[in-house]
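Undergrad: next come a sequence and a model predicted from it.
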Amino acid sequence: MIGRENLYLPEIGRIPRFWDIISLRQSKLLALDYDGTLAPFHVNRMEARPLKGIPELLRKISLREDTTLAVISGRPLDELEMLLKPWKGIMIGSHGFEKRYCSGQVFIKKISLRQQEGLSHAHTLALDRGMEAHIEKKPASIAFHTRGAEKRLAVRLEGEIAAEWTGIASRCSLEVRKFKGGVEVLARGWNKGDALEELLRDEPKETFCVYIGDNSTDEDAFRRIRSSGIGIRVGNRETPTAARGLLPDIPAVKGFLDAWVNLPLKSGRERCHEA
Ligand SMILES: [Mg+2]
């Protein structure tokens with residue numbers, strides 16, 4: 001049982017013994033989604049900064065000998081780098097297709113020619129509808145953003161775009177997914193769950209994984225680590241999820257990170273990463 005005398009350990013919904021489970025593990029991988037998990041949503045996407053205090057907590061966790069820390073997002077890697085500055089830990093962008101280690105080394109997964117053609121077609125269709133200001137072209141996906149739009153209009157536009165993209169997706173090994181504040185057509189064959197599993201393979205065999213996210217693409221990661229770790233979904237209790245645990249909102253994630261920073265160290269695991 002973890003010594004609780006001077007520690008604030010926030011409750012993790014549905015996992016009352018979470019901190020006891022974590023405190024027994026010598027080697028841990030903590031992976032976090034970005035938007036809606038570390039950073040509140042903002043109509044201007046590049047203004048969606050991490051909640052005050054979170055960058056410092058990330059820096060401190062990166063320094064822990066027992067934890068490898070990674071941020072995994074649907075955003076392109078260059079955006080993540082800009083928004084998380086000066087933090088330089090492991091970042092995975094574009095739903096797993098781009099990976100940057102803390103050494104600065106970058107790996108990019110290629111999508112097939114057919115997928116490239118499909119995304120290009122989906123992009124053209126959206127532009128033809130006069131949606132240029134709301135379209136984001138990413139290395140392995142095209143996103144249509146409706147954040148800030150009136151709700152009924154947003155739902156109608158997302159439905160129309162999704163219907164047009166679905167036809168292309170079925171022919172080009174792509175899939176259409178709704179996310180909070182828009183809809184996206186993305187390459188099949190690799191996702192956040194795959195990226196997380198790949199990270200875990202780089203870690204010592206006994207490493208325990210915790211993944212925190214708030215959105216539908218995070219479900220791939222929750223499902224993947226059900227036997228090797230704990231997924232925690234950020235949001236309300238009603239949303240169906242494969243995650244075992246729940247945190248209500250971003251301030252609760254901040255409290256979680258703060259508790260992680262202060263966990264007693266179990267071992268002197270050799271650290272291969274830096275802040
Ligand atoms: Mg998110």
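TA: Looks like it arrived, so ask away. Numbering: from 1, shown residues only.
Undergrad: what residues does the chain put near the ion?
TA: D33, D35, G36, D214, N215 (C-beta under 5 Å from the ion). (Each C-beta comes from the backbone N, C-alpha and C, glycine too.)
Undergrad: rerun at 6 Å
TA: D33, D35, G36, T37, G213, D214, N215 (C-beta under 6 Å from the ion).
Undergrad: quick one, phi psi at the residue lying closest to G148 once chain neighbours are set aside?
TA: Closest residue to G148 apart from its sequence neighbours, by C-beta to C-beta, 6 or more residues apart in numbering: V43 at 3.8 Å. V43 adopts backbone torsions of phi -60, psi -40, taken as degrees, to the nearest 10.
Undergrad: and what of P86?
TA: The phi/psi pair for P86 (degrees, to the nearest 10) is phi -90, psi 10.
Undergrad: pull the contacting residues for it.
TA: P55 (C-beta atoms under 8 Å, 6 or more residues apart in numbering).
Undergrad: buried ones in stretch 20-35?
TA: By neighbour count on 16 or more other C-beta atoms under 10 Å, the buried set for stretch 20-35 is I22, S23, R25, S27, K28, L29, L30, A31, L32, D33, Y34, D35.
Undergrad: name the helices or strands packed onto the lengthiest helix in the chain?
TA: Looking across the chain with DSSP state H, the single longest helix is helix 151-171. Using 3 or more C-beta pairs under 8 Å, 6 or more residues apart in numbering; DSSP states H and E, the elements in contact with helix 151-171 are helix 113-128, strand 141-145, strand 174-179, strand 182-187.
Undergrad: got the angle between the third one and strand 141-145?
TA: It stands for strand 174-179. 30 degrees (axes from the mean of the first three to the mean of the last three C-alpha atoms, to 10 degrees).
Undergrad: and if you look at the longest one?
TA: Computed by the same axes, to 10 degrees, the angle separating helix 113-128 from strand 141-145 equals 20 degrees.
Undergrad: using PDB, list the CA coordinates for helix 113-128.
TA: Coordinates of the C-alpha atoms in helix 113-128 are reproduced here as PDB (Å, rounded to 0.1, in the frame of the first residue of the first chain):
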ATOM      1  CA  LEU A 113      -0.400   5.600 -53.100                       C
ATOM      2  CA  ARG A 114      -4.100   4.700 -53.100                       C
ATOM      3  CA  GLN A 115      -4.500   6.400 -49.700                       C
ATOM      4  CA  GLN A 116      -2.700   9.500 -50.900                       C
ATOM      5  CA  GLU A 117      -5.000   9.700 -53.900                       C
ATOM      6  CA  GLY A 118      -8.000   9.200 -51.700                       C
ATOM      7  CA  LEU A 119      -7.000  12.000 -49.300                       C
ATOM      8  CA  SER A 120      -6.200  14.300 -52.200                       C
ATOM      9  CA  HIS A 121      -9.700  13.600 -53.600                       C
ATOM     10  CA  ALA A 122     -11.300  14.200 -50.200                       C
ATOM     11  CA  HIS A 123      -9.400  17.500 -49.900                       C
ATOM     12  CA  THR A 124     -10.500  18.600 -53.400                       C
ATOM     13  CA  LEU A 125     -14.200  17.800 -52.500                       C
ATOM     14  CA  ALA A 126     -14.100  19.800 -49.400                       C
ATOM     15  CA  LEU A 127     -12.400  22.700 -51.200                       C
ATOM     16  CA  ASP A 128     -15.100  22.600 -53.900                       C
END
